[in-house]
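Student: here you go, sequence then predicted model.
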Amino acid sequence: MIFKDMEEVRRHIKVGIPLPCYFISGSDDYRRQSVLKKLVDMTVKGGTGFDNHRFSGNTPADTLAEAAFEITFGGGRRCVVAEDIPFNSVGDSEYKKYEQLISEVCELGGSTVLIFVFSAVDTEPKKDAKKRDRFTPLKKFIDKCGGGVIKCDAATTAELCSVMERTAVKYHCQLDRSLCSYMVERCGSDSALLINEVKKTAEYRGSGIITKADIDLMTSPTPDARIFDLTAKIAARDQSGAFAVLSELREMGEKPSLILNVLSGAYIDMFRAKAARNSGKSKQDVAKDWPRAYARRDFVVDKAMTAQNRYSAASLLRCMDILLLAEQKMKSSGGDENVLLDETVAKLFAVR
């Protein structure tokens, strides 16, 4: 079974009947570990005990088989978790052993649940045909045998907002959806970090409605968020505010090259938004046209759509020329990068 989204995973867990084998991967650490914990709890009550085995790294198939087929002490299910097995580097005969193990576990009908989890490896299909890809056929094999394939990608902004709202309620507070979006922009899209920031802010508030002032006081903005603030200061012609943000970023230890890179990205976002607006397209069209840039980052498109109103297409092109020239100088001149960054920001203010 190929789970199409996290809602389907939640429904499956709610039913409470585990499949014999799972393949769990994805970029969201919090989601991946949360799904793993729920599956283990569903298989072995409490997720602990003699019938629960965990392995990590290059674990031979024979070792997993010994744990999968041993006699249970409680008479219930066995659960075997194997994390980050480097399937692309194992030999053909060993890989066949893993397939045989999966097949035999699935034939048991659920008395043993085998869970493969991948965090440190790229389980996506390889673009280079010459590179070995064992993960794609492994997922297909698990699906064919009656197992489940779960991909824990980063949550969308809407999903993150729902999680934050529920977290606030648990701590006797209310968090407006617009402020949830503000927290995503300010703190990033890592679900575990956002949940922790909501808990911290809710504990400070105690009860009632969380305000923007509470969020500003209790949460820490990511460097990317502050660089977006820098872009907004430039667009608003707030020169003192822009250089104050630059000073703050330096105090945070951010390298000038990284600041320039993110700043350039913000102007590229604005130019794409300007082109879309001039062509009669919506923000949904922008996300669709550049899926790799804006997948699950719809708030970035929202900000770009708003910010582009301050510029003409010609002025945005001029800004990108300035940023490109600065990047070339930073990579080749060997001069003071902080001075070059200050000069670049000053030049952006000169663009009308």
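Tutor: The structure has been received and is ready for your questions. Residues are numbered from 1 along each chain as shown.
Student: if I pick residue 2, what's in contact with it?
Tutor: 139, 143, 148-149 (Cβ atoms under 8 Å, 6 or more residues apart in numbering). Where C-beta positions appear, they are placed from N, C-alpha and C, glycine not excepted.
Student: neighbour-wise, which one of the residues you listed leads?
Tutor: residue 148 (22 neighbours; other Cβ atoms under 10 Å).
Student: just checking, that one touches residue 22?
Tutor: Yes. Contact criterion Cβ atoms under 8 Å: residue 148 and residue 22 qualify, at 4.9 Å.
Student: which neighbours do these two have in common?
Tutor: With Cβ under 8 Å, 6+ apart as the test, residue 148 and residue 22 both reach residue 142.
Student: next up, the contacts around the most centrally placed residue in the chain.
Tutor: Most central in the chain under Cα atoms, centre = their mean is residue 154, positioned 3.6 Å from the mean C-alpha point. By Cβ under 8 Å, 6+ apart, residue 154 lies in contact with 27-28, 189, 191, 296.
Student: looking at the residues you listed, spot the one nearest residue 94.
Tutor: When these are ranked by distance to residue 94 (Cβ to Cβ), residue 27 comes first, at 27.5 Å.
Student: assign a three-state SS to that closest one, would you?
Tutor: Under the three-state scheme (DSSP: H, G, I helix; E, B strand; the rest coil), residue 27 adopts coil.
Student: show me the strands in the stretch 51-200 of the chain, by range?
Tutor: 52-56, 78-83, 112-117, 148-151, 173-174 (DSSP state E, counting those that start in this stretch).
Student: would you mind finding the most buried of those?
Tutor: Of the strands of the stretch 51-200 of the chain, the one with the most neighbours on average (mean count of other Cβ atoms under 10 Å) is strand 112-117, at a mean of 25.
Student: report the inter-axis angle for it versus strand 78-83.
Tutor: Relative orientation of strand 112-117 versus strand 78-83 (axes from the mean of the first three to the mean of the last three Cα atoms, to 10 degrees): 10 degrees.
Student: list the strands paired with strand 112-117, with their directions.
Tutor: strand 21-25 (parallel), strand 78-83 (parallel) (DSSP bridges).
Student: now the shortest one, how far from the chain's geometric center?
Tutor: By that I understand strand 21-25. Using Cα atoms, centre = their mean, to the nearest Å, the distance from the centre of strand 21-25 to the centre of the chain it belongs to is 18 Å.
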